[in-house]
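Novice: model the following, please.
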Amino acid sequence: MELQFLLESTHDENIQQSIRVANKFLNTNIVKYVLEKIFRIDFDICIKNIKLVRITYSVPNEDTKKGYVMAWTERTKDAKHVYFNDIFRQRLDFLKNTAQSDCKEQQYLIIYMGILLIHEIAHLVLRWKGILNSPTDYAEAGDFLENKLFGGIVRLLVQPNTEWTKESECICEMLRI
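Specialist: Model (predicted):
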């Protein structure tokens, strides 16, 4: 059984590219093992639910903000949305409008957004089981899945000592072990 985000989950071409990245990782044996053996998900329910997921940009509200929030889901049993921080859209538009649309930074952002989808699927599948908060067995579900898949937690590195805005250059992605 394959758990895959649908390209139709969004109309945004950058998010669609990040979905392609995420879906490649969702097909790996490591992710399947974590979801089936550790999270003990019901694949039939998750496959049905993931078809209803919509992926959009949004501005984090005060409840969501805790530092720099890159992506999040609803904290309900029937969660059907993944939200990317709108700064991703702003930065990708900025790069496109400044003739930098084929730069490495755009690729970094899209790959990182794909990794964020992997992170958020960990939360979604647990919420669909009725587990609204990450179980203490693995502290933070998204980080747990990233650790299993990448051997650490992937983070986006932007210009040091600056607020993250559409003008913030993404230097690279880094792995925190």
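Novice: what residues sit buried inside the longest helix seen in the chain?
Specialist: Secondary structure of the chain per DSSP state H: the longest helix is helix 104-127. For helix 104-127, the buried set under the neighbour-count rule, 16 or more other C-beta atoms under 10 Å, comprises 105-106, 108-127. To be clear about C-beta, it is placed using only N, CA and C from the backbone, and glycine gets the same treatment.
Novice: what's the answer for stretch 52-72, then?
Specialist: 53, 55, 57, 58, 60, 69, 70, 71, 72.
Novice: wait, the second one touches residue 5, no?
Specialist: Yes - under the criterion of C-beta atoms under 8 Å, residue 55 lies in contact with residue 5, with a separation of 7.0 Å.
Novice: start and end of stretch 6-22, how far apart?
Specialist: Start and end residues of stretch 6-22 are separated by 11 Å (C-alpha to C-alpha, to the nearest Å).
Novice: name the residues of it that are buried.
Specialist: Quick answer for stretch 6-22 (16+ other C-beta under 10 Å): 9, 10, 12, 14, 15, 16, 17, 18, 19, 21, 22.
Novice: wait, the first one touches residue 20, no?
Specialist: No - contact between residue 9 and residue 20 fails when scored by C-beta under 8 Å: they sit 11.7 Å apart.
Novice: got any ranges where the protein has weak pLDDT?
Specialist: Judged by pLDDT under 70, the chain has its weakly predicted residues at 1, 63-68, 99-102, 159-161, 171-173, 175, 177.
Novice: if we can go back for a sec, between residue 55 and residue 5, which contacts overlap?
Specialist: Jointly contacting residue 55 and residue 5 under the rule C-beta atoms under 8 Å, 6 or more residues apart in numbering are 19, 117.
Novice: what's near enough to touch residue 10?
Specialist: 16, 19, 54, 55, 56.
Novice: can you tell me how far the first one is from residue 50?
Specialist: In this view, residue 16 and residue 50 are 15 Å apart by C-beta to C-beta, to the nearest Å.
Novice: what segments of the chain are helices?
Specialist: Under DSSP H, the chain gives helices at 13-26, 29-33, 43-50, 86-97, 104-127, 141-150.
Novice: select, out of the ones you listed, the one closest to residue 157.
Specialist: helix 104-127 (9.1 Å; C-beta to C-beta).
Novice: now the angle from the closest one to helix 86-97?
Specialist: Helix 104-127 runs at 150 degrees relative to helix 86-97, counting by axes from the mean of the first three to the mean of the last three C-alpha atoms, to 10 degrees.
Novice: what's helix 104-127 packed up against?
Specialist: Here helix 104-127 touches helix 13-26, helix 43-50, strand 71-73, strand 81-85, helix 86-97, helix 141-150, strand 153-158, strand 170-176, going by 3 or more C-beta pairs under 8 Å, 6 or more residues apart in numbering; DSSP states H and E.
Novice: all good on my end, thank you.
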